[in-house]
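Chemist: Turn this into a structure:
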Amino acid sequence: MTLAIGITVFVLAAFVGFEVITKVPPQLHTPLMSGSNAISGITLIGALLVAGRGDTLAWILGFLAVTFATINVVGGFLVTDRMLEMFRQDRR
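Modeler: This is a model prediction of the structure:
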């Protein structure tokens, strides 16, 4: 029963997330996405806690979560830096 509830919540969250993202205008997409990617730092902390449990499956899933969350955080900051670079004026 718990698995069915978890799958239902996941599917509904994916649907709502897709609908929300498709409604964002292109001018706001990059700043919003780079900011939300930075929030993956919270995921990184949770993944580290799960990986440290000692169970083999938890360690594997935690390691994968740490890897993907790190990629997401770094990517978010790179996108933000690139976006801000477009607004910098040449100071001569």
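
Chemist: next structured bit after the helix or strand bottoming out on mean pLDDT in the chain?
Modeler: Sorting the helices and strands of the chain by mean pLDDT, DSSP states H and E puts helix 26-38 at the bottom, at a mean of 69. Under the assignment DSSP states H and E, the closest C-terminal helix or strand after helix 26-38 is helix 40-51.

Chemist: Let me know the next secondary structure element after that next one.
Modeler: Sequence order places helix 56-87 as the next helix or strand after helix 40-51, per DSSP H and E.

Chemist: Residue 50 reaches residue 62, doesn't it?
Modeler: Yes. Under the criterion of Cβ atoms under 8 Å, residue 50 makes contact with residue 62 at 4.0 Å. C-beta here means a position set from N, CA and C on the backbone, and glycine is covered the same way.

Chemist: What number of residues are in the vicinity of residue 40?
Modeler: 20 (other Cβ atoms under 10 Å).

Chemist: I'd guessed it sits against residue 74; true?
Modeler: No. Counting by Cβ under 8 Å, residue 74 is not a contact partner of residue 40; they are 9.5 Å apart.

Chemist: and residue 71, what does it touch?
Modeler: Residue 71 makes contact with no residue, according to Cβ atoms under 8 Å, 6 or more residues apart in numbering.

Chemist: Could you check how far it is from residue 64?
Modeler: 11 Å (Cβ to Cβ, to the nearest Å).

Chemist: cool, and residue 83?
Modeler: Residue 83 is 28 Å from residue 64, by Cβ to Cβ.
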